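Novice: Attaching a predicted model along with its sequence, questions to come.
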Amino acid sequence: MSRSDDSFVAYGIEDRPPLGTSLLLGVQHYLTMVGANIAVPLILAGALGMPAEIIPRFVGTFFVISGVATLAQTTFGNRYPIVQGAPFSMLAPALAVVGVVTASDPAGPAWQAALLQLQGAILVAALAEIAVGYFGLLGKLRSFLSPVVIAPTIALIGLSLFNTPQVTAATTNVPLLALTLLLIVLFSQYIDTAHRVFGLFPVLLGIVVAYGIAAVLSAVGVYAPDTSGYVDFGTVLSAPAFVPIYPLQWGFAGGPNSVTVAFPLLGEVAFGVPQVTSAFVVGMLAGVGASMIESLGDYHAVARLSGIGAPSEKRINHGIGMEGLMNVFSALMGGSGSTSYSENIGAIGLTGVASRYVVQIGAAVMLVVGFVGYFGQLVATIPDPVVGGLYIAMFGQIVAVGLSNLKYVDLDSSRNIFVVGVSLFVGLAVPTYMANVGSAGAFQEGMRGVAYLGPILGAQVVSNTVFVIGSTGMAVGGLFAFVLDNTIEGTREERGLEEWEESAEADEDFASAYDRFVRGGTKGD
């Protein structure tokens, strides 16, 4: 895997910084996505009505899944330096499953019954993703993906969080958010050459300094407990020191859909058996589909920021296949899925650290600390305004990376301008419409009233699929750009395909885990 001459990266994908430096850089990569990886379990815990004493273990489970999935992807999958975490694209169908199950008055704890149904839906949907990946179905689309399609898709990954509550809530602590953003900008752009530490750790420094100031202001009473920016250390001290996390962990002795097994030394352990309901599986398939589209954009974004060519068909296939396998793992562990995260891709742009080794070190740290209750609760105390400032810096970078792909296309072409502009607009407008509708159930009800097509559009399978994909901006914009770019007349040169393919990675440049460990091949990365 070669790096372009004009690449700005400080550490390329194959580079291995010293262990101490890699440890800090790896933690920095994870801090960029920690807010999202905690937000998903907390949102689900609230919807589930999960008991408070279970939540630290639930959050820890997501970090263990993230650590294992990242190590698997960077070692055996696409081998890009992308952190894996809980997908928002699968959150909508997950909440739909939770809502239906908890409202049905199930036997035993409602939150447990809903989790077992969620595990079953993810498990089956993940098998489809594995097939799509390892049978090469998504990779075959690569020849139809021009920069005109990739540019709005990646840009919408960044734009998808422009209205997140951490950024735009009326109650947010604007001075603290602005301070966090200014610190990251200062360290990464203005004084990055003053000392190596500023260039390598701008995100880590920005978060630590802003968090420290918020903690001090909270301790002296400037920030009240019920205000944005308050840091509550009391919750950290009350968290359990160790949380047991193991496969099929959401079972109860004597409970429904649970199996109790006696182990030497450990005694009896109850395992929860995932439950499969076809309607829930179909809804989750839509979430997995949106996740795959998002990951495709992530692969192109990380390749561009790492100073290398666009991903080959073979690399795409192995990446998606591994994401499917890790979704199976997540389901067995009791999480809500796993996918490539865009957050740390933005960190590559700010820091120039694209080392696979660094991300693997960070993943190993997260895997270990997932079992430490104090850690999960400490991270949860990072104030929303600090996370909001981080998001502006990270996702603004991704927007620009997406648009930079347009350097390959003819920007004097009206068809290109039309495709990019309309795709961006639709990618923002449709998810906003879905958010205003409110829920998959409300959308289904509305679709039933459509003249002539109501019986089809109002079917749960159809409406849930449209709602989930329509709620994902990069899926909407990417699909819209894909259709327009491949149906509106335009030359290959005009669409940027010729120059794009010249710089793209060839299949033989990527060595899969099978190539490296079974066949003993050395070619490729």
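Specialist: Nice, I can see it.

Novice: Secondary structure element holding Asn259?
Specialist: Small correction: residue 259 is Val, not Asn. With the criterion set as DSSP states H and E, the secondary-structure element containing Val259 is strand 258-263.

Novice: show me the residues around the nearest residue to Gly319 once chain neighbours are set aside that make contact.
Specialist: Closest residue to Gly319 apart from its sequence neighbours, by C-beta to C-beta, 6 or more residues apart in numbering: Asn78 at 3.1 Å. Heads up, the C-betas are built off the backbone N, CA and C, glycines and all. Contacts here follow C-beta atoms under 8 Å, 6 or more residues apart in numbering; on that basis Asn78 touches 299, 311, 315-316, 318-319, 322.

Novice: so when I look at Asn78, I'm seeing a helix, right?
Specialist: No - with DSSP: H, G, I helix; E, B strand; the rest coil as the criterion, Asn78 is coil rather than part of a helix.

Novice: how near is it to Met474?
Specialist: When C-beta to C-beta, to the nearest Å is the yardstick, Asn78 and Met474 sit 18 Å from each other.

Novice: same thing with Ser336?
Specialist: As it turns out, when the distance is counted by C-beta to C-beta, Ser336 lies 19 Å from Met474.

Novice: These two: who's more crowded?
Specialist: Just comparing Ser336 and Met474: by other C-beta atoms under 10 Å the higher neighbour count belongs to Ser336, 32 against 28.

Novice: looking at it, the more buried one is touching Pro41, isn't it?
Specialist: Yes - under the contact definition of C-beta atoms under 8 Å, Ser336 touches Pro41, with a separation of 7.4 Å.

Novice: Show me whatever sits in contact with both of those two.
Specialist: By C-beta under 8 Å, 6+ apart, the residues touching both Ser336 and Pro41 are 62, 86.

Novice: In contact with Thr277, which residues are there?
Specialist: For Thr277, the contacting residues are 117, 120-121, by C-beta under 8 Å, 6+ apart.

Novice: tell me the pLDDT at it?
Specialist: The predicted local confidence for Thr277 comes out at a pLDDT of 86.

Novice: can you offset everything so residue one is 488?
Specialist: That works, and once the first residue is 488, the last one we named lands at Thr764.

Novice: Could you pull out the strands in this protein for me?
Specialist: Assigned by DSSP state E, the chain shows strands spanning 571-572, 745-750, 754-759, 826-827.

Novice: Give the other helices and strands that the second one contacts.
Specialist: Meaning strand 745-750. For strand 745-750, the elements it packs on are strand 754-759, judged by 3 or more C-beta pairs under 8 Å, 6 or more residues apart in numbering; DSSP states H and E.

Novice: now what about the strand it packs on, what contacts it?
Specialist: Contacts to strand 754-759, defined as C-beta under 8 Å, 6+ apart, come from residues 599, 602-603, 606, 733-742, 744-750, 821.

Novice: What's the local residue count around the closest residue to Phe729 other than its chain neighbours?
Specialist: With sequence-adjacent residues excluded and distances taken as C-beta to C-beta, 6+ apart, Phe729 is closest to Phe858, at 6.1 Å. By other C-beta under 10 Å, 18 other residues sit near Phe858.

Novice: what do you get for Thr655?
Specialist: Using other C-beta under 10 Å: Thr655 sits among 11 other residues.

Novice: List the contacts of it.
Specialist: Remark: with contacts taken as C-beta under 8 Å, 6+ apart, Thr655 is in contact with Phe649.

Novice: Tell me, what's the model's pLDDT at it?
Specialist: Confidence score, pLDDT, at Thr655: 88.

Novice: Equivalent analysis for Arg490, please.
Specialist: Here the pLDDT value assigned to Arg490 is 50.

Novice: Mind listing what's buried along the helix of greatest length in the chain?
Specialist: If each helix of the chain is counted by residues according to DSSP state H, the longest one is helix 765-792. By 16 or more other C-beta atoms under 10 Å, the buried positions in helix 765-792 come out as 767-792.

Novice: Stretch 579-597 too?
Specialist: Burial within stretch 579-597, assessed by neighbour count using 16+ other C-beta under 10 Å, is assigned to 579-589, 593, 595-597.

Novice: sorry, back to before: what distance separates the longest helix of the chain from the centre of its chain?
Specialist: Taking the mean of its C-alpha atoms, helix 765-792 sits 9 Å from the chain's own mean (C-alpha atoms, centre = their mean, to the nearest Å).

Novice: Stretch 592-605 now?
Specialist: In terms of C-alpha atoms, centre = their mean, the centre of stretch 592-605 is set 26 Å apart from its chain centre.

Novice: Give me the contact list for it.
Specialist: The list of residues contacting stretch 592-605 from outside it, by C-beta under 8 Å, 6+ apart, reads 535-538, 541, 581, 584-585, 588-589, 737-739, 742-744, 759-762, 764, 767, 821, 823.

Novice: And for stretch 525-537?
Specialist: When contacts are defined by C-beta under 8 Å, 6+ apart, stretch 525-537 is touched by residues 541-542, 545-546, 548-549, 572-575, 578, 581-582, 585-586, 589, 597-598, 601-602, 822-823, 863, 866-867.

Novice: what's the average pLDDT for that stretch?
Specialist: Mean pLDDT, taken over the full extent of stretch 525-537, equals 85.

Novice: likewise stretch 728-737?
Specialist: pLDDT averaged over stretch 728-737 gives 92.

Novice: can you tell me the distance between the two ends of it?
Specialist: Between the opening and closing residues of stretch 728-737 there is a gap of 20 Å (C-alpha to C-alpha, to the nearest Å).

Novice: Report the buried residues of it.
Specialist: Buried positions in stretch 728-737, judged by neighbour count with 16+ other C-beta under 10 Å: 730, 732, 735-737.

Novice: Show me these that map onto helices.
Specialist: Secondary structure of these is defined by DSSP H; no position falls in helices.

Novice: Which pair of those spans the longest distance?
Specialist: Across those, no pair lies farther apart than Val730 and Leu735, at 15.9 Å, counting by C-beta to C-beta.

Novice: Run the chain-centre distance for stretch 679-693.
Specialist: Using C-alpha atoms, centre = their mean, we find the averaged C-alpha position of stretch 679-693 to lie 25 Å away from the chain's own average C-alpha position.

Novice: Of all the residues in it, which ones are buried?
Specialist: Residues 679, 685-693 are the ones in stretch 679-693 that count as buried (16+ other C-beta under 10 Å).

Novice: if we look at it, which residues are touching it?
Specialist: Outside stretch 679-693, the residues that touch it by C-beta under 8 Å, 6+ apart are 497, 508, 511-512, 514-515, 518-519, 667, 670-671, 674-675, 678, 834, 837-840, 876-877, 880-881.

Novice: What of stretch 833-845?
Specialist: Under the criterion C-beta under 8 Å, 6+ apart, residues 495-504, 509, 512-513, 515-516, 519, 561, 566-568, 645, 671, 675, 686-690, 789, 792-794, 880-885, 887-888 lie in contact with stretch 833-845.

Novice: at 7 Å what do you get?
Specialist: Residues from elsewhere that reach stretch 833-845, judged by C-beta atoms under 7 Å, 6 or more residues apart in numbering: 495-500, 502-504, 509, 512-513, 515-516, 519, 561, 566, 568, 675, 687, 689-690, 789, 792-793, 880-882, 884-885, 888.

Novice: Out of the contacts of Asn565, which comes closest to Ala1000?
Specialist: Distances from the contacts of Asn565 to Ala1000 were compared by C-beta to C-beta; the smallest belongs to His805, at 7.8 Å.

Novice: count of residues packed around the residue nearest to Phe862 when sequence neighbours are not counted?
Specialist: With C-beta to C-beta, 6+ apart as the criterion, Phe862 has its nearest non-adjacent residue at 4.1 Å, and that residue is Val856. When counting by other C-beta under 10 Å, one arrives at 20 neighbours for Val856.

Novice: Could you report the distance from Val856 to Thr868?
Specialist: Note on Val856: its distance to Thr868, by C-beta to C-beta, is 15 Å.

Novice: who touches Thr640 in this structure?
Specialist: The contact partners of Thr640, by C-beta under 7 Å, 6+ apart, come to 784, 889, 961, 964-965, 968.

Novice: Thanks again, I'm all set now.
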